[in-house]
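Peer 1: Quick one: sequence plus predicted model below, questions after.
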Amino acid sequence: MATVAIPACTTALLLDIEGTTTPITFVKDILFPYIREHLEDYLSDHWEEDECKQDVHLLKKQIEEDTRQNRARPVHAVDQTVHTDEEKAIREVVDDVLWQMAADRKSTALKRLQGHMWRAAYSSGTIRGEIYQDVTPSIRRWRGHGLKVFIYSSGSVEAQKLLFAHSVEGDVLDLFDGHFDTAVGAKVDAKSYERIAERIGCPPGEITFLTDVTREAKAAEDAGVNAVVVVRPGNIELTEEEAAHYHVITSFGQLQVTGRP
Ligand SMILES: [Mg+2]
């Protein structure tokens with residue numbers, strides 16, 4: 001197995017999740033279907049609770065906002081199986097959420113509710129965060145060499161923490177020194193990596209970023225961050241040019257950090 005040596009000046013590793021630490025299918029085939037399948041039951045069970053009321057309130061505000069801006073909205077069909085006002089209200093929220101998910105909307109209201117549903121699913125053990133087998137042993141090895149390890153994912157920091165706190169290997173949250181999500185900026189924007197370096201408190205050149213997406217690797221490089229592209233089963237294949245330009249690994253085990261002081 002060919003190894004890829006990271007620059008000797010590296011002090012921090014920054015990891016993407018989807019397609020890097022975790023199969024892309026985990027989000028697509030487990031997390032999102034979970035919402036679609038359990039949404040109505042979740043709302044019925046928690047309808048009277050404050051947190052759920054706030055989530056619904058946010059969604060309603062989003063609907064009002066969309067209507068004001070003449071954005072397309074789902075049409076609520078008259079459903080004869082729904083009787084009480086509560087059932088009707090729940091059905092409307094369900095329609096709205098499913099519609100937003102189908103349209104791939106990234107509204108805060110949607111993310112908030114999804115986050116709360118996933119939290120419940122993780123804590124009950126219904127869902128466990130998937131991690132590739134080479135991930136935790138490698139991170140432990142890197143940490144043994146004095147490197148810091150951070151996560152940068154488009155999933156919210158809360159969602160990232162849930163995944164690693166309730167993973168197939170148990171709670172591995174202590175492997176990370178910090179988490180970043182798109183609150184710091186888009187992953188394809190070089191500025192985001194500059195901000196992350198600032199927050200970590202080191203020059204961009206001391207960071208090595210691992211991702212499956214070459215556009216993200218490019219943005220990181222533009223900021224002066226060292227990028228390594230991770231190829232996992234099911235990831236988008238690299239073009240010949242990309243494969244020639246980037247250091248590519250198929251397992252974290254290939255990353256060589258020895259030789260550091
Ligand atoms: Mg990714």
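Peer 2: Yep, that arrived.

Peer 1: Can you name the helix or strand that Val56 falls in?
Peer 2: Using DSSP states H and E, Val56 maps to helix 50-68.

Peer 1: now what about the helix or strand following that helix, what contacts it?
Peer 2: Proceeding N to C from helix 50-68, the next assigned helix or strand is helix 85-102, under DSSP H and E. Here helix 85-102 makes contact (CB atoms under 8 Å, 6 or more residues apart in numbering) with 32, 35-36, 39-40, 43-44, 47, 56, 59, 63, 73-74, 76, 79, 82, 107, 110, 113. In short, each C-beta sits where N, CA and C put it, glycine included.

Peer 1: give me every residue that touches Thr258.
Peer 2: Counted by CB under 8 Å, 6+ apart, Thr258 has contacts His145.

Peer 1: tell me the pLDDT at it?
Peer 2: We have a pLDDT of 71 for Thr258.

Peer 1: tell me which element it falls in.
Peer 2: Residue-wise, Thr258 maps onto no helix or strand under DSSP H and E.

Peer 1: cool, Val149 as well?
Peer 2: Short version, using DSSP H and E: Val149 is in strand 148-152.

Peer 1: Give me the most central residue, this protein.
Peer 2: Gly155 (2.7 Å; CA atoms, centre = their mean).

Peer 1: Can you tell me which residues in this protein are near the ion?
Peer 2: Asp16, Glu18, Gly19, Asp212 (CB under 5 Å from the ion).

Peer 1: for the protein, what spans make up the strands?
Peer 2: Along the chain, the stretches classed as strands by DSSP state E are 4-5, 12-15, 148-152, 178-180, 207-211, 226-230, 247-249, 255-256.

Peer 1: mind giving me the domain split of this structure?
Peer 2: Structural domains annotated on the chain: 4-22+130-256, 28-123, as defined by automatic domain parsing.

Peer 1: Pick out the shakiest of those, pLDDT-wise.
Peer 2: Ranked by mean pLDDT, the domains of the chain end with domain 28-123 at the bottom, a mean of 89.

Peer 1: can I assume Ile35 is in contact with Met117?
Peer 2: Yes - taking CB atoms under 8 Å as the definition, Ile35 is a contact partner of Met117 at 5.8 Å.

Peer 1: Any idea which residue of the stretch 51-200 of the chain lies closest to the ion?
Peer 2: Ser153 (7.4 Å; CB to the ion).

Peer 1: Let me see the contact set for the nearest residue to Tyr152 once chain neighbours are set aside.
Peer 2: Excluding the flanking residues, the one nearest Tyr152 by CB to CB, 6 or more residues apart in numbering is Phe180, at 4.4 Å. Taking CB under 8 Å, 6+ apart as the contact definition, Phe180 lies against Leu14, Phe150, Ile151, Tyr152, Ser153, Val157, Ile196, Arg199.

Peer 1: circling back to that earlier point, could you identify which of the strands of the chain is most buried?
Peer 2: strand 207-211 (a mean of 26; mean count of other CB atoms under 10 Å).

Peer 1: Just the CA coordinates for that one, please, in PDB.
Peer 2: Output in PDB follows, covering the C-alpha atoms of strand 207-211 (Å, rounded to 0.1, in the frame of the first residue of the first chain):
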ATOM      1  CA  ILE A 207      -2.900  22.100   8.200                       C
ATOM      2  CA  THR A 208      -3.600  19.000   6.100                       C
ATOM      3  CA  PHE A 209      -7.200  18.600   4.900                       C
ATOM      4  CA  LEU A 210      -8.600  15.200   3.900                       C
ATOM      5  CA  THR A 211     -11.600  15.200   1.600                       C
END
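
Peer 1: Now the stretch 151-261 of the chain against the ion: closest residue?
Peer 2: Proximity to the ion, evaluated over the stretch 151-261 of the chain using CB to the ion, is greatest for Asp212 at 4.5 Å.

Peer 1: That residue contacts Val228, doesn't it?
Peer 2: No - the pair Asp212 / Val228 is not scored as a contact, 10.4 Å apart, by CB under 8 Å.
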